[in-house]
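1. The sequence isn't on hand, but the structure is:
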Ligand SMILES: C[C@@H](NC(=O)c1ccc(Cl)c(S(N)(=O)=O)c1)c1ccccc1O
Ligand SMILES: [Zn+2]
């Protein structure tokens, strides 16, 4: 892996290999609730997740992702700020070395313990994820902030990981990992979910070393907020 989250290959040097890092619609961003603009034309999010779609859990070396079968429209996200329907591709988390920080988006300067990303691609307009990831309206990612404390996770269903309120902010951004493609319509839920300190510690125990290599845990895999440039964040709620 050419990039990662350490000093020699982390977010501060990604621009050396991925010039898009200094692009005009990079993610994550620092959301300032006083500067968002209520948009009456935004609709409620509408998602329908099919529980039977097979999934694999992948350790991608610096995190894990739950990859879904996206060969047909089984689990889709519609409405909200979106035109058309976006097919569920995968979900994963970003976290930090302690429960005090690890989210990628921040809200009014507040960092959360982790952040869940539920990644979807525009299956109405594009034939596959990789093509969609090259288009400005190709991806839609629901970002869910995770704060530390006690919680009872129910069984796997992405919407069971969503908080009860689906109020959201939305803005045009990018992947937060290389190649940092600027193809994402971000939908960040306002209400965080909670995870216990033990659950967060389990993330950090994930190894980023291969079998036989000296064990090294991945303590942080979150990119810091990027310049807003000439973008506006819209709110679905007053
Ligand atoms: C599993 C791996 N994430 C991806 O491969 C990935 C793929 C597509 C997208 Cl669109 C995103 S993102 N962050 O823009 O939603 C991330 C990962 C997880 C956690 C930390 C670092 C890391 O690289
Ligand atoms: Zn992510």
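-> Looks like it arrived, so ask away. If you're wondering where the values come from, they're calculated on a predicted model, not measured in any experiment. Numbering: from 1, shown residues only. Ligands and ions are numbered 1, 2, ... in the order given.

2. OK, contacts around residue 202?
-> Under the criterion of CB atoms under 8 Å, 6 or more residues apart in numbering, residue 202 has no contact partners. The C-beta positions use only the backbone N, C-alpha and C, and glycine is treated the same way.

3. Surely it is in a strand?
-> No - judged by DSSP: H, G, I helix; E, B strand; the rest coil, residue 202 forms no part of a strand; its state is helix.

4. If we ignore the residues flanking it in sequence, what's nearest whichever residue of the chain sits closest to ligand 1?
-> For the chain and ligand 1, the shortest gap (CB to the nearest ligand atom) falls at residue 63, measuring 3.1 Å. With CB to CB, 6 or more residues apart in numbering as the criterion, residue 63 has its nearest non-adjacent residue at 5.1 Å, and that residue is residue 221.

5. and the protein, which residues reach ligand 1?
-> 60, 62-63, 65, 92, 94, 117, 119, 139, 141, 175-177, 221 (CB under 6 Å from any ligand atom).

6. export those residues to JSON lines and tack on neighbour count, secondary structure and pLDDT?
-> Compiled in JSON lines, those are given as follows (neighbours: other CB atoms under 10 Å; DSSP: H, G, I helix; E, B strand; the rest coil; pLDDT from 0 to 100):
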{"residue": "60", "neighbour count": "14", "secondary structure": "coil", "pLDDT": "78"}
{"residue": "62", "neighbour count": "18", "secondary structure": "coil", "pLDDT": "76"}
{"residue": "63", "neighbour count": "19", "secondary structure": "coil", "pLDDT": "84"}
{"residue": "65", "neighbour count": "18", "secondary structure": "strand", "pLDDT": "92"}
{"residue": "92", "neighbour count": "19", "secondary structure": "strand", "pLDDT": "95"}
{"residue": "94", "neighbour count": "26", "secondary structure": "strand", "pLDDT": "96"}
{"residue": "117", "neighbour count": "23", "secondary structure": "strand", "pLDDT": "98"}
{"residue": "119", "neighbour count": "24", "secondary structure": "strand", "pLDDT": "98"}
{"residue": "139", "neighbour count": "25", "secondary structure": "strand", "pLDDT": "98"}
{"residue": "141", "neighbour count": "24", "secondary structure": "strand", "pLDDT": "98"}
{"residue": "175", "neighbour count": "21", "secondary structure": "coil", "pLDDT": "98"}
{"residue": "176", "neighbour count": "25", "secondary structure": "coil", "pLDDT": "98"}
{"residue": "177", "neighbour count": "23", "secondary structure": "coil", "pLDDT": "96"}
{"residue": "221", "neighbour count": "27", "secondary structure": "coil", "pLDDT": "90"}
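
7. Mind picking the two most distant members of those?
-> Pairwise distances across the residues of the chain next to ligand 1 (CB to CB) peak at 20.0 Å, for the pair 62 and 139.

8. Thank you kindly, that will do.
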